[in-house]
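A.B. asks: Structure, please.
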Amino acid sequence: MSEQKPISPWNYKPWWCQPWSIILTGVTMIGGSWLIFKTIWLTVLVSIPVLTWMGFFVLFWPQLIIRSGILESYKE
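C.D. replies: Prediction:
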């Protein structure tokens with residue numbers, strides 16, 4: 001009996017669209033806004049859309065792709 005591995009949408013994305021690169025980019029943007037402006041309200045203003053973007057692409061997008069069944073056609 002062979003166990004089937006769960007399909008991962010990350011296997012079909014380039015290196016610049018992997019979870020580690022998305023998180024690294026977001027943390028760099030938020031940290032950079034703090035280092036440049038040293039203003040908490042501006043850093044919070046930058047972090048809201050960045051965290052939303054990160055959350056969508058790291059948490060929700062993979063689940064949506066798996067549930068859609070679009071990767072089933074790519075199975076070996």
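
A.B. asks: Check which helix or strand the residue nearest to residue 8 when sequence neighbours are not counted maps to.
C.D. replies: Leaving out its chain neighbours, the residue that sits closest to residue 8 by Cβ to Cβ, 6 or more residues apart in numbering is residue 62, at 7.4 Å. All C-beta atoms are positioned from the backbone trio N, CA, C, and that covers glycine. Using DSSP states H and E, residue 62 sits in helix 61-68.

A.B. asks: ok, back up a step: so how many other residues sit close to the residue nearest to residue 8?
C.D. replies: As a burial measure, residue 62 scores 16 neighbours (other Cβ atoms under 10 Å).

A.B. asks: Spatially central residue for this protein, please.
C.D. replies: Taking Cα atoms, centre = their mean as the criterion, residue 58 is the residue nearest the geometric centre of the chain, at 3.0 Å.

A.B. asks: list the buried ones in stretch 62-76?
C.D. replies: Judged by neighbour count using 16 or more other Cβ atoms under 10 Å, the buried positions of stretch 62-76 are 62, 65.

A.B. asks: just so I have it, where are all the helices in the chain?
C.D. replies: With DSSP state H applied, the chain shows helices at 19-37, 40-55, 61-68, listed in chain order.
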